[in-house]
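Peer 1: below are the sequence and a predicted model for it; my questions follow.
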Amino acid sequence: MAETVNTPIAGENVQTVSGTQTPTTGTAGAQTQMPGRSTTVSESARATGGIDAGNFIATAVDKDLFEFHKDDTPLMQLMLRAKTVNVDSPEVQHYMIDEPRSEVVTSAKLEATTARSAVLPLEVEDQSIPAEYGTLLVKGVDGYTEDGQTRTPGKDLMIAVTGTDPVTNNPVIIAVNGPKTNRTDEYCTVPEIPAGTTCIILSNALYETQKEVDPDTIVPKPILLYLQKRGMNQIVSDYFDAQKKQIPFSKALIAEQAITNFKVKGNRTLWSGRKGKVTTKTKIGPQTIYYTEGVRWQFKRLLQKTGKWTYEQFIALAKMFYTGEDVPKTALLLAGKNLLENIQCIDFSKHPEVTITVTTNSLGWEVTRIHTVFGDIDIKREPTLDYLKWSNSGALIGEDRLVHYVYRNEHSFDDDVEGEEAKRSGVLVWDGLGLKGTCHIWIDGEGTPATLGATGFTMWDSEAAPTGDDLIDGQVYYLLCDCPGISKNAMSGQMWKYTKATTSWDEFNGDLFAQEE
C-alpha cells in the first residue's frame, strides 16, 4: 500500500492513503476497527468497497451497537461516583489510614517476679503503642482475686503501663489483678507471661487530678500514585459530514462509539495498569508521560481460591470483609464470568435463612444481593475482567473506600485542522484511582501467587496441617474446621500464618502493613 505524507501545516500531520484499507477485527471477530484513521468518506469507502449503493455501509445496522453502556465499565463508574480529590501534581501521595491497632504480642517470656513492676518484652515496632497510664488485657494468663491469693481461671490478667524502660524502650508495667505476697499488700506482683501472648489494648486510667496524657499520633502509610493523562481524538472531514449516506450514519453516532471505546480502554487501565513514568522528546522539549497503577495491584488482601465455592466458604468471605480493622458500609463484588458462575451455583438449599434478591443499588445497577449475618454482598459481572483474562477472579470492594484523584478535570474540545477541511474533536482527562483502607479483597482464581506487599489468604478445611505444595511461607490460612495439625488452639473460623524461617505457626491477628513495590 503506497503512502504519501503532505507537507505539515502548523504541526498537523494529515496522511493520505491510496489503495484498499482493510479494517482489523474487534472482540467479536468482525472487521470493524480502523485504529489511527480519521473518519472521512475516502477512508470509510476504501474499507467497505466504495461509495456505490450497497457498499458504503451495510443495509441493516443494529443501532444499539453505538449506545453508551455504563454497565460495560463498572470500575470507572465507581471511580466517577467516588470522593474526588483535586491535586496540583500528577504524582500523588495516596495515604492509607487504618483503624488503630487493637493488640500487641509479647516477643519473649516474662518471668514471674516478686517486684512491683516489670518490663514487658515487645517487638520494636510495637514498643510505642502501649502509652503511659494505658491498660492491657493479657489473654490466656489468669488473674487473681482482690486479695491476690486465689487464681481466677477464665478471668484474664490486666496490666497497666507506668513508663518506658530507658534501656530496651519496652513498656514498664504493673499488674492490676495479679498475685500478692501477703493479702494485705497494696500492690500486686507480676506473674509469668509466656512469649507470644496477645495483649488487648484497653482504655487509659488516670489519677484524680490528672488531665494530661500522651497524645495519639496517627501515622498513615503513603503510597506514591501516578495520575495518567488519557485522551481521545476524532477527525471528521466536512465532506463526510455532508455526504449523503444510505442510513443516517451521523457524526454523533461515531462520536458516541469513539467515547465508549475510550472509556472501555480506560477501564482496563484502571484495573491492570502498571505504575511508571518515562521522559519523551517533543517538539517543545522533553516531557514526562505518567502511567497509573491499576487497583488490581493495590489490594492488600488476596484470597487465593480456585474452583467451585461452598456455602461455608462464601460466609467466610463475608466474615473476612466485614470484621477486619477497617469495616466498610457496603460490599460490592465485581466478578469475572467464571467466578460469577461458581458463586451462582452454590447450594443454599440447606440454609433457608440466606436470602438472595435482585435489586437496584445506589449506582443504578441491577445486582444480585446475598444477605449474610455479617452484611450484604452485592454481586455484579465486570466484563473487563474477562478481557483481562481474569474470568475466575473478582474484587470485593467497599464502595465508600475509593478515592478519585484529579489533576485535570475531564474536558472536551473541538478544533479546526489547520489547512484541511476537517475538524478535530476529543476528550482529555488526567486522573487516577486509589483504594482507601484495607477492607478490599482480591479473589484470585487464576492460581497466581500473592503480589509483593499483600497478604495472601487461602481457605483450609482439613484437620491435618498443610504440607507439600499447600504449605506456603507467609501464607494465611482461614480455617473452615478445627485443625489440631496446626495447633491444639487452631479453631474453626480463625486465621493462622506459617513462617518458613522458624517452621512455626502463629494465629494471624489481621493487622496489615502496606508496602510499596
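Peer 2: Good, I have the coordinates.
Peer 1: which parts of the stretch 301-450 of the chain are strands?
Peer 2: Assigned by DSSP state E, counting those that start in this stretch, the strands in the stretch 301-450 of the chain fall at 301-304, 332-335, 355-360, 366-371, 376-381, 394-397, 402-416, 422-435, 441-444.
Peer 1: how many neighbours does Tyr322 have?
Peer 2: 18 (other Cβ atoms under 10 Å). The way it works is simple: take the backbone N, C-alpha and C, and place the C-beta from them, glycine included.
Peer 1: need the three-state assignment for the spatially most distant residue from the centre of the chain.
Peer 2: What lies farthest from the middle of the chain is Thr184; by Cα atoms, centre = their mean that is 57.0 Å. Following DSSP: H, G, I helix; E, B strand; the rest coil, we place Thr184 in the coil state.
Peer 1: dump the strands of the stretch 301-450 of the chain to a markdown table, plus mean pLDDT, mean neighbour count and distance to Asp147.
Peer 2: Below are the strands of the stretch 301-450 of the chain laid out as a markdown table (pLDDT from 0 to 100; neighbours: other Cβ atoms under 10 Å; distance: least, Cβ to Cβ, whole Å):
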| stretch | mean pLDDT | mean neighbour count | distance to Asp147 |
| --- | --- | --- | --- |
| strand 301-304 | 85 | 22 | 47 |
| strand 332-335 | 93 | 25 | 56 |
| strand 355-360 | 88 | 10 | 54 |
| strand 366-371 | 89 | 16 | 51 |
| strand 376-381 | 92 | 20 | 51 |
| strand 394-397 | 94 | 25 | 52 |
| strand 402-416 | 72 | 15 | 56 |
| strand 422-435 | 76 | 20 | 53 |
| strand 441-444 | 91 | 25 | 49 |
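Peer 1: how about low-confidence regions in the stretch 101-250 of the chain?
Peer 2: Within the stretch 101-250 of the chain, the stretches with pLDDT under 70 are 101, 216-222, 232-250.
Peer 1: break down it into its helices, ranges please.
Peer 2: 238-242 (DSSP state H, counting those that start in this stretch).
Peer 1: picking that back up, now tabulate the strands of the stretch 301-450 of the chain in TSV and tack on distance to Gly178.
Peer 2: Putting the strands of the stretch 301-450 of the chain into TSV (distance: least, Cβ to Cβ, whole Å) gives the following:
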stretch	distance to Gly178
strand 301-304	38
strand 332-335	48
strand 355-360	50
strand 366-371	46
strand 376-381	45
strand 394-397	44
strand 402-416	47
strand 422-435	44
strand 441-444	41
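Peer 1: where along the stretch 251-400 of the chain do the helices fall?
Peer 2: 251-272, 311-322, 337-344, 383-387.
Peer 1: quick one: closest of the ones you listed to Thr355.
Peer 2: Distance to Thr355, taken as Cβ to Cβ, is lowest for helix 311-322 among the helices of the stretch 251-400 of the chain, at 13.3 Å.
Peer 1: now do the buried residues in the closest one.
Peer 2: For helix 311-322, the neighbour count (16 or more other Cβ atoms under 10 Å) marks Gln313, Phe314, Ile315, Ala316, Leu317, Ala318, Lys319, Met320, Phe321, Tyr322 as buried.
Peer 1: any idea how far the fourth one lies from Ser102?
Peer 2: Applying Cβ to Cβ, to the nearest Å, the value for Ala316 to Ser102 is 21 Å.
Peer 1: likewise the second one?
Peer 2: Shown here: Phe314 relative to Ser102, a distance of 26 Å by Cβ to Cβ.
Peer 1: next one: the last one
Peer 2: Using Cβ to Cβ, Tyr322 is found at 16 Å from Ser102.
Peer 1: and the closest residue to Pro121 other than its chain neighbours, how far is that from Val124?
Peer 2: Nearest residue to Pro121, sequence neighbours excluded (Cβ to Cβ, 6 or more residues apart in numbering): Ala108, at 4.1 Å. Separation of Ala108 from Val124 (Cβ to Cβ) stands at 13 Å.
Peer 1: likewise for Phe299?
Peer 2: From Phe299 to Val124 the distance is 27 Å (Cβ to Cβ).
Peer 1: and Pro130, by the same measure?
Peer 2: Taking Cβ to Cβ, one finds Pro130 at 13 Å from Val124.
Peer 1: excluding sequence neighbours, find me the nearest residue to His306.
Peer 2: One correction, residue 306 is Thr, not His. Using Cβ to Cβ, 6+ apart and skipping the chain neighbours, the partner closest in space to Thr306 is Gly445 (5.2 Å).
Peer 1: how many neighbours does the one you found have?
Peer 2: Neighbour count of Gly445, defined by other Cβ under 10 Å: 21.
Peer 1: next, give phi and psi for it.
Peer 2: When read as degrees, to the nearest 10, the backbone of Gly445 gives phi -110, psi 10.
Peer 1: show me what contacts it?
Peer 2: Lys305, Thr306, Gly307, Gly336, Asn338, Leu339, Asn342, Trp390, Ser391, Asn392, Ser393, Gly394 (Cβ atoms under 8 Å, 6 or more residues apart in numbering).
Peer 1: now do the contacts for the third one.
Peer 2: By Cβ under 8 Å, 6+ apart, the contact set of Gly307 is Asn342, Gly445.
Peer 1: find me the pLDDT at it, would you?
Peer 2: Looking at Gly307, its pLDDT is 83.
Peer 1: tally up the residues packed near Thr84, please.
Peer 2: Neighbourhood size, Thr84 [other Cβ under 10 Å]: 13.
Peer 1: doesn't it lie inside a helix?
Peer 2: No - applying three-state DSSP, one finds Thr84 to be strand, outside a helix.
Peer 1: partners of the residue nearest to it when sequence neighbours are not counted in the sheet?
Peer 2: Once flanking residues are discounted, Thr84 sits nearest to His404: 4.8 Å by Cβ to Cβ, 6+ apart. Applying DSSP bridges to His404 gives these bridge partners: Thr84, Leu433.
Peer 1: His404 and Leu227: what is the separation?
Peer 2: Distance, His404 to Leu227, by Cβ to Cβ: 10 Å.
Peer 1: got any residues that touch both of those two?
Peer 2: With Cβ under 8 Å, 6+ apart as the test, His404 and Leu227 both reach Asp431, Gly432.
Peer 1: my guess is His408 contacts Tyr290, does it?
Peer 2: Quick fix: residue 408 is Arg, not His. No - using Cβ atoms under 8 Å, Arg408 is not in contact with Tyr290; the gap is 12.0 Å.
Peer 1: now do the shared contacts for the two.
Peer 2: Lys229.
Peer 1: was I right about Leu332 contacting Lys380?
Peer 2: Yes - when contacts are counted by Cβ under 8 Å, Leu332 is listed as touching Lys380 (6.9 Å).
Peer 1: now list whatever residues contact both of those two.
Peer 2: Val367.
Peer 1: who's in contact with the nearest residue to Lys329 once chain neighbours are set aside?
Peer 2: Closest residue in space to Lys329, ignoring its immediate chain neighbours: Asp400 at 5.2 Å, by Cβ to Cβ, 6+ apart. Contact analysis of Asp400 by Cβ under 8 Å, 6+ apart lists Pro328, Lys329, Thr330.
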